[in-house]
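Colleague: Predicted model and sequence follow; I will ask about them next.
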Amino acid sequence: MSNPRKVHVKSFGCQMNVYDSHRMADALAPAGYTETTHIAEADLVILNTCNIREKAVDKVYSEIGRVREFKEAAAAQGREMLIAVAGCVAQAEGEEITKRASAVDLVVGSQNYHRLPGMIARLRKDERIVDTEFPVEDKFDALTPPSRAAIAKRGVTSFVTVQEGCDKFCTFCVVPYTRGAEISRPVMKIVGDVERLAAAGVREVTLIGQNVNAYHGDGEDGRAATLGRLLRRLAQVPGIVRLRYTTSHPLDMNDDLIEAHCDLPALMPSIHLPVQSGSDRVLAAMNRKHTRQQYLDVIARLRAIRPDIAFTSDFIVGFPGETEAEFHDTLSLVEEVGYGGAYSFVYSPRPGTPAADMADQVPAAESHERLLRLQSLITAQWRGFNASFVGKTAEVLLEKPGRLPGQLVGKTPYLQTVQVMARPELIGTVLAVKITGTGTNTLFGDGAERTAYAPVLAAAGA
């Protein structure tokens, strides 16, 4: 291999994978690897995979085929390129990947990426390595913290994993099998991560976990802390002006967390709260453990304490046995809640999950027709939500330069992308922006030359 060596990491799927990809690069830095966005110059290519849906798995194998061409081109130049498959597909399929794709040198499961440097070193002796065992050690303790330079390069927003795994066992979901049981990191370890991020210029932190609001890590007093308590502690970190969390389960939206949305100005009024279906029978078949009314009650409680709050959600259509009337229950739920956006998918059978063996699988054509109807309704709500901001002033955290000279791009409290003409030194500040129009996926605005940065900091530290 050349020295210094370069690693290219490509993420598929959720925010957890994006975070994990960053930590893989951080773990490899002491071994002499630097990140590159150009796959052709990489000495190591890592595909960090998602196994939630069948198409996601197919996409991974297609991507392996594409990377193999770069590997062959490197070999023709007398240079070695290693290919690693990491994440949930690696965890689920293990040695099957090396059988189907001979170009893959290393398969590393979702709980083992802290071992990457040692695995890469072993590849000089071993032809291939497959490591998908759930480790005894805490991978977070074993990881090297990212450097200030690495943090700064990634921008003013960052994800931080606080919880992993899931104990809910929804019948359609592979997460409990690929990520394992729920574990929560101690409060002070998370605080340390966030303090390092803030010191390097990060201004917004999103706490992530497969079931993040089930967080129960050890607190400073030795007792299990709730997500609400953790958020209150992180709101005191100097420099952090925005806090978010995802993804949540309705059953774990407790009083303490709901009250945090009233108490903490830094906690953004935007919640991703998956429901999956509006039908009680389908929810029971999914083993969601909540009813339609329980979900609506959570929405009502949050709106009562924070009237400006907005919701996004996940929906699955065509779940085994779903009738047209039950699908209409989902449509009526969407109409009743009114979402600022949502992700919707046709049910995809995942091997090893109970739903994959259920009778009455809905025909694909029928499922796709339902998906189009649902997406039409969700898109109309999303566009209406965006349009409601025109003429109003929104607080926008400026994140990076835009495509046009003098243009910056940032996000509102509701994660809407905003393009505004502003000075580059304002990146990392919160600017009051009057929204003047909407595009397909963005808002446009005029910015006043004042920021909301100082008031937010003062409130967060109160």
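Modeller: Noted; the coordinates are in hand. Residues are numbered from 1 along each chain as shown.
Colleague: all helices of the stretch 101-250 of the chain, in order?
Modeller: 116-122, 139-142, 148-153, 175-178, 187-199, 227-234 (DSSP state H, counting those that start in this stretch).
Colleague: quick one: which of those has the weakest pLDDT on average?
Modeller: Least confidently modelled of these is helix 139-142, at a mean of 60 by mean pLDDT.
Colleague: and whichever strand or helix holds K434, C-alpha only, in CSV?
Modeller: In this assignment (DSSP states H and E), K434 forms part of strand 430-438. Provided in CSV are the C-alpha atoms of strand 430-438 (Å, rounded to 0.1, in the frame of the first residue of the first chain):
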residue,chain,number,x,y,z
VAL,A,430,-28.0,31.4,13.6
LEU,A,431,-29.4,34.1,11.2
ALA,A,432,-32.8,35.6,11.2
VAL,A,433,-34.0,35.0,7.7
LYS,A,434,-37.2,36.3,6.1
ILE,A,435,-38.5,33.5,3.9
THR,A,436,-39.3,34.8,0.4
GLY,A,437,-40.2,31.7,-1.5
THR,A,438,-40.1,27.9,-1.9
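Colleague: most tightly surrounded among the helices of the stretch 101-250 of the chain?
Modeller: Highest mean neighbour count of these: helix 227-234, a mean of 23 (counted as mean count of other CB atoms under 10 Å). C-beta here means a position set from N, CA and C on the backbone, and glycine is covered the same way.
Colleague: Can you tell me which of the helices of the stretch 101-250 of the chain is nearest to T132?
Modeller: For those, proximity to T132 was assessed by CB to CB; helix 175-178 is nearest, at 9.2 Å.
Colleague: Could you export that closest one as CSV, CA atoms only?
Modeller: In CSV, the C-alpha atoms belonging to helix 175-178 read as follows (Å, rounded to 0.1, in the frame of the first residue of the first chain):
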residue,chain,number,x,y,z
VAL,A,175,-32.6,-4.1,13.7
PRO,A,176,-32.8,-6.3,16.9
TYR,A,177,-31.0,-9.0,15.0
THR,A,178,-28.3,-6.8,13.3
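Colleague: For the helices of the stretch 101-250 of the chain, please prepare a markdown table with the additional fields distance to V282.
Modeller: Below are the helices of the stretch 101-250 of the chain laid out as a markdown table (distance: least, CB to CB, whole Å):
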| stretch | distance to V282 |
| --- | --- |
| helix 116-122 | 41 |
| helix 139-142 | 36 |
| helix 148-153 | 43 |
| helix 175-178 | 19 |
| helix 187-199 | 36 |
| helix 227-234 | 28 |
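Colleague: Out of these, flag the one nearest P401.
Modeller: Of all those, helix 148-153 sits nearest to P401, with 14.2 Å by CB to CB.
Colleague: Quick one: low-confidence residue ranges for this protein.
Modeller: The chain contains residues with pLDDT under 70 at 1-3, 52-54, 125, 134-144, 448-462.
Colleague: cutoff 50 now
Modeller: 1-2, 136, 449-462 (pLDDT under 50).
Colleague: Spatially, and excluding backbone neighbours, which residue is closest to V390.
Modeller: Excluding the flanking residues, the one nearest V390 by CB to CB, 6 or more residues apart in numbering is I435, at 5.3 Å.
Colleague: Report how many residues lie close to the one you found.
Modeller: 23 (other CB atoms under 10 Å).
Colleague: what helix or strand does the closest residue to E335 other than its chain neighbours sit in?
Modeller: Once flanking residues are discounted, E335 sits nearest to L377: 7.1 Å by CB to CB, 6+ apart. Secondary structure assigned from DSSP H and E places L377 in helix 364-387.
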